[in-house]
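> Got a predicted structure here, sequence first:
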Amino acid sequence: MAVTLVAVTARKSITNDEIVMIPAAYNHVTFKGNNRSVREHPPALKIFSPVPLLFIQPNEAPSEATDATVSDGGQVGRSSEIWGENPAIFESLSFWPRLPLSL
């Protein structure tokens, strides 16, 4: 079942939630930015998911953009900055954080 899930994950793009969740988990593990952006999920999810990103080392948005306090609607804007900063490695950024959760 894990093999099937990995194969499907490799062919599918990120979901609406992952646009926010992957950058929030990366910020949680690297202790950068505002860790209050996603409180709904348990800490284990935020610890295991971004581990592959520690090896990829994506470019990050400037710290003043991530530290800003914004309302709900700002979560997507603030989190999507990591996607805009790394267009060349988008597939790696969207695949590798989902892999540990599949296994």
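Yes, it's here. All figures in this text were calculated on a predicted structure; none of them were measured in a lab. Numbers count the residues shown, from 1 in each chain.

> Can you name the residues that contact the residue nearest to Pro52 when sequence neighbours are not counted?
The spatially closest residue to Pro52, leaving aside those adjacent along the chain, is Trp96, at 3.5 Å (CB to CB, 6 or more residues apart in numbering). Where you see a C-beta, it was placed from the backbone N, CA and C, and this is true even at glycine. Going by CB atoms under 8 Å, 6 or more residues apart in numbering, Trp96 touches Pro52, Leu53, Ile56.

> any idea how far Val3 is from the second one?
Relative to Val3, Leu53 is positioned 23 Å away (criterion: CB to CB, to the nearest Å).

> More neighbours: the two, which one.
For Leu53 versus Val3, neighbours defined as other CB atoms under 10 Å are more numerous around Leu53 (21 against 9).

> where does the chain dip in pLDDT?
Low-confidence segments of the chain (pLDDT under 70): 32-42, 61-80.

> let's see 80
For the chain, the stretches with pLDDT under 80 are 2, 16, 27-28, 31-47, 60-81, 101-103.

> and the next element down the chain from the longest helix belonging to it?
Secondary structure assigned by DSSP state H gives helix 16-30 as the longest helix of the chain. The helix or strand immediately downstream of helix 16-30 is helix 43-48, counting by DSSP states H and E.

> Residues contacting that following helix, please?
Helix 43-48 is contacted from outside by Ala24, Ala25, His28, Val29, Val38, Pro100, Leu101, using CB under 8 Å, 6+ apart.
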